[in-house]
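1. the following block contains a protein sequence and its predicted model.
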Amino acid sequence: MAEVFTGKTDRAEVANIRLRRFGGGWTVVNGSGAVIRHEGGPQLGLIEMKVIGESDEPDPVPATDPGHPGLTVDPGRTRGNTD
């Protein structure tokens with residue numbers, strides 16, 4: 001995924017992504033995505049998620065966790081934050 005964010009590649013795949021369900025538990029998906037680049041204009045990002053299963057195991061990460069440190073642009077700011 002990091003190669004997509006840095007522009008080294010236009011495509012990436014990630015397996016066994018757990019998406020939290022309302023009411024508890026997880027939906028497990030495999031994801032793939034691509035960036036369609038356009039010189040001088042906005043880029044288009046496409047993602048596909050294929051459901052491969054479910055899980056009821058407990059969440060190993062506390063709800064107060066701020067996320068992966070690699071997603072931070074500046075201290076206290078995350079991607080997409082325009083404040």
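-> Great, that's in hand. Numbering: from 1, shown residues only.

2. secondary structure class for the residue lying farthest from the centre of the chain?
-> Relative to the centre of the chain, the most outlying C-alpha is that of Gly40, 25.6 Å out, by CA atoms, centre = their mean. With DSSP: H, G, I helix; E, B strand; the rest coil as the basis, Gly40 sits in coil.

3. next, the buried residues of stretch 13-30.
-> Judged by neighbour count (16 or more other CB atoms under 10 Å), stretch 13-30 contains these buried residues: Arg18, Trp26, Val29. Yep, even glycine has a C-beta here, placed from its N, CA and C like the rest.

4. no no, stretch 31-41
-> Within stretch 31-41, the residues that qualify as buried are Gly31, Gly33, Ala34, Val35, counting by 16+ other CB under 10 Å.

5. quick check, the third one in contact with Glu13.
-> No: judged on CB atoms under 8 Å, Ala34 makes no contact with Glu13 at a distance of 10.0 Å.

6. if I look at Thr27, how far off is Thr6?
-> Applying CB to CB, to the nearest Å, the value for Thr27 to Thr6 is 29 Å.

7. confirm that Val4 sits in a helix.
-> Yes: looking at Val4 with three-state DSSP, it is inside a helix.

8. burial count for it?
-> Residues within reach of Val4, counting by other CB atoms under 10 Å, total 15.

9. now it, nearest residue through space, not along the chain?
-> In space, and not counting its chain neighbours, Val4 is closest to Ala12: 4.9 Å by CB to CB, 6 or more residues apart in numbering.

10. where's that neighbour, which helix or strand?
-> In the assignment (DSSP states H and E), Ala12 maps to strand 11-20.

11. run through the bridge partners of Leu44.
-> Going by DSSP bridges, Leu44 is paired in beta bridges with Ile36.

12. any idea how far Asn16 is from it?
-> Leu44 is 26 Å from Asn16, by CB to CB.

13. what about Val61, neighbour count?
-> 7.

14. kindly report the same for the one 3 residues further on.
-> Applying other CB under 10 Å, we find 5 other residues in the vicinity of Thr64.

15. for it, what are phi and psi?
-> Backbone geometry at Thr64, expressed as degrees, to the nearest 10, gives phi -90, psi 0.

16. ok, it - contacts?
-> Taking CB atoms under 8 Å, 6 or more residues apart in numbering, we find Thr64 in contact with no residue.

17. before I go, just wanted to say thanks for your time.
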